[in-house]
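**Student:** Build me a model:
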Amino acid sequence: MLQLSFSSDQHHTLKSQCKAGARDCRPGVRDDATLSVLRSLLRLEEPVQSDALFSALDDAYPKAPDPHTSTRILGGLSKKRSLDMTLLALSWHEKNKYELNCFHYTAVIDACAKAAAWAEALQLFLVMAESILEPDTIASNAAISACEKAGEWEKALQIFSTMALSTVETDTIT
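**Tutor:** Residues are numbered from 1 along each chain as shown. You can find the predicted model right below:
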């Protein structure tokens, strides 16, 4: 796993930016354009076909959506407990080589947790860990939750142990 080292000032600045970004990217933030896209995605027939979802997102975003909008879309789909759509929307971002960050992966891991899809959550968590995006407390908690809901306590404890050995802080949820 790639370990980044920051001075305490840099760490504080990054942590502040991450917290500010988290507030800005919450799925509940009012944004009429994003809500319109979410509504159109949620109207797609189940089971959702990737072509239909990709086409809807291509129509809504002829250019790359900004990272905040992407987080709202992924978080909104997660909130509606639509794991397939959330995974497909992440796949659309990857296919188009759009920038993905820890908030995007965390939203999708959270969708996996809500569906008790621990294997998918763990896979995404590992993708984050192997890239330059070190999973944060929220992503780690979401992965632990996915494992816990599926009765995969050993996996949940492995993630917790990894947190204890890394720079990721635990919190009351952990």
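**Student:** what kind of secondary structure is M85 in?
**Tutor:** What DSSP: H, G, I helix; E, B strand; the rest coil gives for M85 is helix.
**Student:** Show me where this protein dips below the pLDDT cut-off.
**Tutor:** For the chain, the stretches with pLDDT under 70 are 1-30, 132, 172-174.
**Student:** Give me the neighbour count for Q123.
**Tutor:** Counted by other CB atoms under 10 Å, the residues lying close to Q123 total 14. Any C-beta I mention is one placed from the backbone N, CA and C, and that applies to glycine too.
**Student:** how about it, what does it touch?
**Tutor:** Q123 is in contact with no residue at all, counting by CB atoms under 8 Å, 6 or more residues apart in numbering.
**Student:** try P65
**Tutor:** Neighbours of P65 in contact, by CB under 8 Å, 6+ apart: I73, Y98.
**Student:** so which helix or strand takes in it?
**Tutor:** Using DSSP states H and E, P65 is not contained in any helix or strand.
**Student:** State the distance from it to L42.
**Tutor:** 17 Å (CB to CB, to the nearest Å).
**Student:** all helices for this protein, in order.
**Tutor:** 8-24, 32-42, 50-60, 67-79, 83-95, 102-114, 118-130, 137-149, 153-165 (DSSP state H).
**Student:** what's the angle between the fifth one and helix 67-79?
**Tutor:** Read it as helix 83-95. If you take axes from the mean of the first three to the mean of the last three CA atoms, to 10 degrees, helix 83-95 sits at 160 degrees to helix 67-79.
**Student:** Kindly export helix 83-95 (C-alpha atoms) in PDB.
**Tutor:** The C-alpha coordinates for helix 83-95 follow below in PDB (Å, rounded to 0.1, in the frame of the first residue of the first chain):
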ATOM      1  CA  LEU A  83     -26.500  -1.100  -5.600                       C
ATOM      2  CA  ASP A  84     -26.600  -2.100  -9.200                       C
ATOM      3  CA  MET A  85     -27.200   1.500 -10.400                       C
ATOM      4  CA  THR A  86     -24.500   2.800  -8.000                       C
ATOM      5  CA  LEU A  87     -22.000   0.300  -9.300                       C
ATOM      6  CA  LEU A  88     -22.900   1.000 -12.900                       C
ATOM      7  CA  ALA A  89     -22.600   4.800 -12.300                       C
ATOM      8  CA  LEU A  90     -19.100   4.200 -10.900                       C
ATOM      9  CA  SER A  91     -18.300   2.100 -13.900                       C
ATOM     10  CA  TRP A  92     -19.500   4.900 -16.200                       C
ATOM     11  CA  HIS A  93     -17.100   7.300 -14.400                       C
ATOM     12  CA  GLU A  94     -14.200   4.800 -14.900                       C
ATOM     13  CA  LYS A  95     -15.100   4.100 -18.500                       C
END
